[in-house]
Structures are given as structure tokens and as C-alpha cells.
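[1] Pasting a predicted model and its sequence here:
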Amino acid sequence: MLRIEPSVLTMLTKAQNSTSHTATAFALRTMDAGSNAAVEQRDALVAALLRHPRDVARARKEAGPTPPAPPSPVELEIWSLYADEVDNPLVRGHLHHLLLDAGHGRTPDHVRGAAGGYLDAARHLLTGAQVGHALPRAAACLTTAGELALKFKQHDLRDQAITDAVALAERLLGAAEDEGRVLLVVLKGLQAMKYDVADFAERAADRFVQDVDDRIGFLDVLRRDAPQSRYAEIDSAVVHALLDAAEDTDSGHRRLYFRTRAATEAQKRGLPSLRARAERALQHTTVEWTTIRNVHTIPPFLIAGQRALVDAAPDLRSALWLTVPDAHPAMRAQEQAEADGALEGLLRIPRSRINPAGPVFVHPPVDAPDAAAVAMQVHGLQLYGVLTAIQLHRIHERFRPDEFDVAAALVHETVLPQPRALALARAFLHYWLEDFDAAVCVALPRVEDILRQLLRPRVSVVAVAQGHRPGGVAMLNELLQSMQQARYPADWSRALELLLVDSDRGMNLRNDTLHGLTDTPPRHHAALILQAALYLLSHAHGQRTAPATTDGPL
């Protein structure tokens, strides 16, 4: 019979992070549990912290050849053991939520345990020091608690969630800091709890005018609770916000982006005069197409979160593996956006587009069915590169490694022996010295070599000479296409294709860099290439689930 291991409960208490399940899981995984029973329970709790309740619910419902893997009965029993014993209310709520969506135990107990844990976590986060993810996490906790309480008719918990969310909304509206994104989450959560937020949304739309996306978000929230007589006024305000944002920017590319969005929104909302105005403005939009450079603004709480993950790592090697999650976020974010319908109408005016040769409308070519999805994946890669750069910067700040320290963390007897590990380590040193050209040119051959060595036991990477046909080795394109055949995760193989070799719709960094078709790569591009090497090495070192060796599904 299973019972709680006191050493595991102590470790969980020491490892807990008030805002990040990932940081808690990583710290817990690095602790020595001792006995086999304690190791089993520790690993089950790590798995719980890294799972989203949505994935557990999907595992119960989805059929087909590759459904999500459900938690094992032993894991469920371990989660149930610890659900009411952990001190951290965020972890307590998360465990009850997982058990609820897995259909384990009594539903009312898990509903109240999850919603109550999330409410306690939100209050703890809001009364403590406001660092990192505290405010966004508190807003998310209140929203989830309220939605669970509403769905399962726990009226007292719903009322508590509404009371706390209203107090937080008032606090954010009166704060000196610009927390519009967090307030938007709070108001959407209140709407989900059937609370009228029209007054809050109207005040927020007037208060938070610096970020056009926040302002449009508040206007859309207002529209849901406003009478129908105000729809045209609110829709016009959305289009005017985009046109004003275009006028306020100094970047020709952002001006083009905002005016295109304005025309799209005007058409979608049935405002022909404003659409015509946006299209006239587009005709006069000039862009220096040879100097396009994406600009990414990362919210402060995300920066703090990336730093916190690195700070939780016990050593350099663990910190380096931390930059490469099992599932590539850019690929998964796009899948979720498609499921939510977020791609519909993205940057599209159905009958025309801008001609790069000048500000003249031309008929668009026929786009591939997945053109918008791929564009979002590439954009996600760019953003993910910025987050990776933040982590790499923090790793350098914290450990100050030299090339031998980095090589010792990376070296692998088969895949990356010592001389090649030193070469890759020098790429990291070039990166930290901001010599991004050298970092990329040194790292790229190592990425290809590591991938070839990983695939060698599973697929053919060497062609033997036959007759007049010479032999040779598989090049990067072939290697990347062989990753799925070797049963590596499809989201990462696709991400690496878009990053390195896709010249039609991807970033194509390997070809553009090594063939001299681009200027010095920006920091976040270099960070993505270093991360590609780390991801492949993490498989060699057993930090990622090994690819399946049977013919079964991934």
C-alpha cells in the first residue's frame, strides 16, 4: 500500500516556487530522494508539475492512433496522496485539478480542492512581494478557480473568486505601473464567471492607451457586455486605435502592419468607410524592404521567469538543458491558435496585398493552405529566440564559465567527443562576447555533426559507393527529414527545418549564414542555433525521453 514518504514531502517544500511549476519541478528533480519508493513518488510529482490539466483531460477523451498518454494508476494514487498534504496552495490546487480532469476519486472533493487551492494561491501571491510572474499567475489562478466553481455549481467559491478578481481589477486600474495585459486576463476571467465588466473595460480602454493590443482587447471585452446599440461605436474605436497606432510609429513596417490590421478589422466589422480609409493610407505606405528586422518586446514578468528558471538550476549543465523543453513552444502555440481560430483573418485583406516594389495594390498569389500557420510558427520561433537569449545571458551572469567549463557540460563520448565539445564551447564564448557571426559559424557544423551521430544507429546517414555512383554522407536537409523516421518529436524536427534550411517560408539561418546571404545575425538568431545544439545533445545525455525503438506511435 502506498504511503507518503516524509523525505519527498520535505523536498517538495524546499523546491516549491510560488509562481512557476516548471521551476519547482526542475528543483525537485535534482534532489536525491534516497529509497526507490521515494524516487518513484518524487518522479510522479515532477511529472504532475510538468503536465497541464487540459492534457490529462484530452488523454481521457481522445481516440485515434496517437492519443496523449494518460497518467498511470500509480501516478494518480501518488498525486492523490500528496494533494491535501502540500503546503503550497498553488501545487495543491494543481494536483486536485489534475485528478479532477483525470476522473480519479470524488469529483466534488477535487473541485473544491482545486478551486480553493487556486484562490489561496492568488491571495498569497497578491499579498507577497510582487516579483516575476506574481500578478499574471494570480490573475490566472482567480480565473481558473472561478471557471471551475461555475462549471460545477460551487456558488460560494465562485463568489469568492469574483470578489477577489474585482478587487484585483480595481487595484490594477489604480496602479502606477502599466499592467494592462494582466488586467485584460482578469476581466476576461470575470466575464467567464458571468460578471458584467463593462464599466471596468471602458475605464481600462481609456487608461491603457500605450499598447494598442491591450486597448483593442479591452474594447472587445466591453463589446461583449455592452448593449447592441453601442457595437458600431466600439468597432469604430478598434479601427481608429489601429490607425492611430500606425501614425504614432516611426517604423515603416509597423505602420504597414497596423494599417493592414485596420483594413482587416474594418472589413470584418462591417465598416466600409473606415476600410476605404485604411486602404488609402496603405497606398501611401512606403517601406524599405531591404532592412526588415523583427522587433520583439518581452513583458517584464516573462524576463523574470526565464531568469528564475536558470536560478533554480544547481549547476551549469542543468541550466543549459533548461533552455530546451521537450515540446517546442512555437509549434505547440501555433496548434492551439489554430484550434482557437486565432489564425482566421490574420493580416489578410481578401482581395489585395502590398506589392514590395512599391505602394500599389496587386492581386495576391494563391497561398498554401497552411501559409498563415507557418508564418505564425516562424514568428513564434523569433519570440522563443528572444526568451532563449535571456536565459543564456543569465547563465553567463550566474556561472561565468570558460570554454573548458562549457565543454565539460556538453561533452559526450560518442556524439560530441572532447575536441568537438571544445569547438562548440567556443561558439558559446563567442556568443557571450557578442561576436554573433563567429558563434553561428562555429556552432552550425557542430549541429549537423551532432544530429548525424544521433541518427547513425537508427537511419542510414552514409551512402556506400555503388558502381560509378560515389558514396557520401547525408546532408542537413536529409538528416532533418530523417528525424521523424528515427522517432524524434515532430514539433522539434519541424522547428529545426524552419530555423535552418527552409528557404521558402522559414528562417533558413544555416543556408543564409554559411552562403553569405545575410548580415551579422541578431542575438536571438544566434541563441536559437546554440539552442538547437543543446536540444540534440540533451537527447544524447538522456535529459529528454529517448525516441521509441519499436514501430509503435510516438
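    Perfect, thanks for sending it.

[2] for the stretch 451-554 of the chain, what spans make up the strands?
    Ranges of strands in the stretch 451-554 of the chain, per DSSP state E, counting those that start in this stretch, are 462-463, 472-473.

[3] mean pLDDT lowest for which of these?
    For the strands of the stretch 451-554 of the chain, the weakest mean pLDDT is recorded on strand 462-463, namely a mean of 60.

[4] Would you mind listing the buried residues in the lengthiest helix in the chain?
    Across the chain, the longest stretch assigned as helix under DSSP state H is helix 371-399. Buried residues in helix 371-399, defined by neighbour count with 16 or more other C-beta atoms under 10 Å: 372-378, 380-396, 399. Quick note: C-beta positions are derived from backbone N, CA and C, even for glycine.

[5] Which strands or helices does it pack on?
    helix 300-311, helix 316-321, helix 329-340, helix 418-432, helix 490-500, helix 523-540 (3 or more C-beta pairs under 8 Å, 6 or more residues apart in numbering; DSSP states H and E).

[6] most tightly surrounded among these?
    helix 523-540 (a mean of 24; mean count of other C-beta atoms under 10 Å).

[7] Excluding sequence neighbours, find me the nearest residue to the most centrally placed residue in the chain.
    Closest residue to the average C-alpha location of the chain: Pro329 at 4.2 Å, with C-alpha atoms, centre = their mean. Nearest residue to Pro329, sequence neighbours excluded (C-beta to C-beta, 6 or more residues apart in numbering): Tyr384, at 5.8 Å.

[8] quick one: pLDDT of that neighbour?
    In this prediction, Tyr384 carries a pLDDT score of 87.

[9] measure it to Asn36 for me?
    Distance of Tyr384 to Asn36, computed by C-beta to C-beta, to the nearest Å: 37 Å.

[10] what do you get for His21?
    Between His21 and Asn36 the computed distance is 25 Å (C-beta to C-beta).

[11] ok now do the closest residue to Pro401 other than its chain neighbours, which residues does it touch?
    Nearest residue to Pro401 in three dimensions, chain neighbours excluded: Leu316, at 5.7 Å (C-beta to C-beta, 6+ apart). Leu316 is in contact with 395, 399, 401, 405-406, 409, counting by C-beta atoms under 8 Å, 6 or more residues apart in numbering.

[12] mind redoing it with 6 Å?
    For Leu316, the contact set (C-beta atoms under 6 Å, 6 or more residues apart in numbering) comprises 399, 401, 409.

[13] Then Leu451?
    With C-beta under 6 Å, 6+ apart, Leu451 has these contacts: 479, 536.

[14] mind redoing it with 8 Å?
    Contacts of Leu451 (C-beta under 8 Å, 6+ apart): 476, 479-480, 483, 536.

[15] Thr249 contacts Phe258, correct?
    Yes: counting by C-beta atoms under 8 Å, Thr249 sits close enough to Phe258 to count as a contact (7.0 Å).

[16] ok, these two, which is more surrounded?
    Taking neighbours as other C-beta atoms under 10 Å, Thr249 and Phe258 compare with Phe258 leading, 24 against 15.

[17] wait, what's in contact with the more buried one?
    By C-beta under 8 Å, 6+ apart, the contact set of Phe258 is 212, 242-243, 245-246, 249.

[18] Val166 too?
    Counting by C-beta under 8 Å, 6+ apart, Val166 touches 190, 195.

[19] mind running it again at 10 Å?
    Residues counted as contacts of Val166 (C-beta atoms under 10 Å, 6 or more residues apart in numbering) are 142, 186, 190, 195, 197, 200.

[20] quick one: it from Arg261, how far?
    Noted for Val166: a distance of 32 Å to Arg261, by C-beta to C-beta.
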